[in-house]
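> Based on what follows, work out the 3D shape:
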Amino acid sequence: MGQAKRICQIIKLKPEFAEEYKRLHANVWPDYHISDYSISHYPPLQLLIATFKYTGDDYEKDMEAIREDEETRKWWEITDRMQESFNDGATGSGKEIPWWTVSSRVPFDHSFRYKTDEIRT
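Numbers count the residues shown, from 1 in each chain. From the prediction side, this is the model:
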């Protein structure tokens, strides 16, 4: 198995669906080499932020399997109406234009630590 790939996606949540969306997400769909999945809601901007780790060897193949999964497609029919995509021309999950926007990760060296005497104010 390859190294895990961390994914971060964003989409706008329609305010009138905030509580229903949270209730629906109490249960999740089957595993397709996805772990550590979470969705955060930032109400001031009505922003949903999803992060997960992909631990498989063929991301595109597993994403295709998710798109073909009947339960997932039913799930998207319910949740897509609660969201507004940031991607021009997007019409829903599992289509040619991605519904959720994948954000790029800011490179960060986890071994790096600030020394208080090096911080300038």
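> just the strands in the chain please.
With strands called from DSSP state E, the chain shows them at 5-13, 34-42, 47-54, 83-84, 101-102.
> These into TSV, with extra columns for distance to Thr72, mean pLDDT and mean neighbour count?
In this view, the C-beta of every residue, glycine as well, is placed from N, C-alpha and C. Formatted as TSV, these follow (distance: least, C-beta to C-beta, whole Å; pLDDT from 0 to 100; neighbours: other C-beta atoms under 10 Å):
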stretch	distance to Thr72	mean pLDDT	mean neighbour count
strand 5-13	15	92	16
strand 34-42	12	89	13
strand 47-54	14	92	17
strand 83-84	15	97	16
strand 101-102	18	94	13
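> Out of the ones you listed, which gets nearest to Glu68?
strand 34-42 (15.5 Å; C-beta to C-beta).
> elements contacting the closest one?
In terms of contacts (3 or more C-beta pairs under 8 Å, 6 or more residues apart in numbering; DSSP states H and E), strand 34-42 is packed against helix 18-24, strand 47-54.
> remind me which residues of this protein are low pLDDT?
By pLDDT under 70, the low-scoring segments of the chain are 1, 27-30, 109-121.
> From the centroid of it, which residue is nearest?
Ala50 (3.1 Å; C-alpha atoms, centre = their mean).
> ok, now which ones touch Arg6?
51-54, 105 (C-beta atoms under 8 Å, 6 or more residues apart in numbering).
> Swap in 6 Å and give it another go.
Lys53 (C-beta atoms under 6 Å, 6 or more residues apart in numbering).
> what do you get for Ser85?
Ser85 touches 11, 99, counting by C-beta under 6 Å, 6+ apart.
> please redo it, this time with the cut-off set to 8 Å
11-12, 98-101.
> Could you export the residues you listed as TSV, including distance to Ser85?
Converted to TSV, those look like this (distance: C-beta to C-beta, whole Å):
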residue	distance to Ser85
Ile11	6
Lys12	8
Pro98	8
Trp99	5
Trp100	7
Thr101	7
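> now, among these, which is nearest to His33?
When the contacts of Ser85 are ranked by distance to His33 (C-beta to C-beta), Trp100 comes first, at 17.7 Å.
> Look at the closest one and say how many residues are nearby.
By other C-beta atoms under 10 Å, the residues close to Trp100 number 19.
> Sweet, I'm off.
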